[in-house]
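Asks: one predicted model, sequence on top.
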Amino acid sequence: MCTLVAVVTLILALISNQVLFGLLYLIFYYFGGVGVRERSRYAALIVLAMYVGETLLFWKTMLPGTMVAHVLLSALLLSNFRATWIASGWKPESEDAILPPRLSGTWTDKLADQAPMWLWPRIEILYYIYSAGFVAMMAVIWFMYFTR
């Protein structure tokens with residue numbers, strides 16, 4: 001889900017000649033998705049808050065079809081947040097907490113199942129710092145945009 005948002009945001013940024021913002025968003029949403037896959041409450045919350053915040057801030061300038069897509073994606077991110085919150089509280093020793101086996105047959109399986117397991121412990125702290133800085137930077141940019 002977050003990877004889809006990351007790629008679509010990058011494509012839209014490239015179309016509008018905003019390459020740097022596209023890459024910053026790609027990093028934010030992709031690694032946020034990695035955190036969500038590894039049951040990080042923070043990653044699920046920050047991705048949801050950023051996406052819903054942007055949807056609410058720019059709803060007047062969106063085309064009708066894209067507004068529907070934003071609402072649906074926001075609902076899916078809310079569902080991700082809820083599931084992550086529930087899953088992060090499972091006790092590892094209980095039978096209900098046994099996770100399904102991770103697939104590794106295709107490159108998409110490796111991207112969605114294997115990469116987050118290897119990547120998240122190595123980037124978790126960096127993502128916390130990056131995402132907080134990114135959200136703060138975007139808040140300043142949005143403030144400047146709406147007060148001009």
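Replies: Done, it's in. Residues are numbered from 1 along each chain as shown.
Asks: give me the neighbour count for residue 122.
Replies: Using other C-beta atoms under 10 Å, residue 122 has 9 neighbouring residues. Yep, even glycine has a C-beta here, placed from its N, CA and C like the rest.
Asks: how about the one 5 residues further on?
Replies: For residue 127, the number of neighbouring residues by other C-beta under 10 Å comes to 23.
Asks: let me see the contact set for it.
Replies: 31-32, 34-35, 43 (C-beta atoms under 8 Å, 6 or more residues apart in numbering).
Asks: tabulate those residues (JSON lines), appending secondary structure, neighbour count and distance to residue 73.
Replies: Shown next, in JSON lines, are those (DSSP: H, G, I helix; E, B strand; the rest coil; neighbours: other C-beta atoms under 10 Å; distance: C-beta to C-beta, whole Å):
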{"residue": "31", "secondary structure": "helix", "neighbour count": "23", "distance to residue 73": "18"}
{"residue": "32", "secondary structure": "helix", "neighbour count": "31", "distance to residue 73": "13"}
{"residue": "34", "secondary structure": "helix", "neighbour count": "24", "distance to residue 73": "18"}
{"residue": "35", "secondary structure": "helix", "neighbour count": "27", "distance to residue 73": "17"}
{"residue": "43", "secondary structure": "helix", "neighbour count": "26", "distance to residue 73": "16"}
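Asks: closest to residue 144 among the residues you listed?
Replies: Closest to residue 144 out of these is residue 32 (24.2 Å), distances taken as C-beta to C-beta.
Asks: please look at residue 12 and residue 19 and confirm they touch.
Replies: No. Here residue 12 lies out of contact with residue 19, judged by C-beta atoms under 8 Å, at a distance of 11.5 Å.
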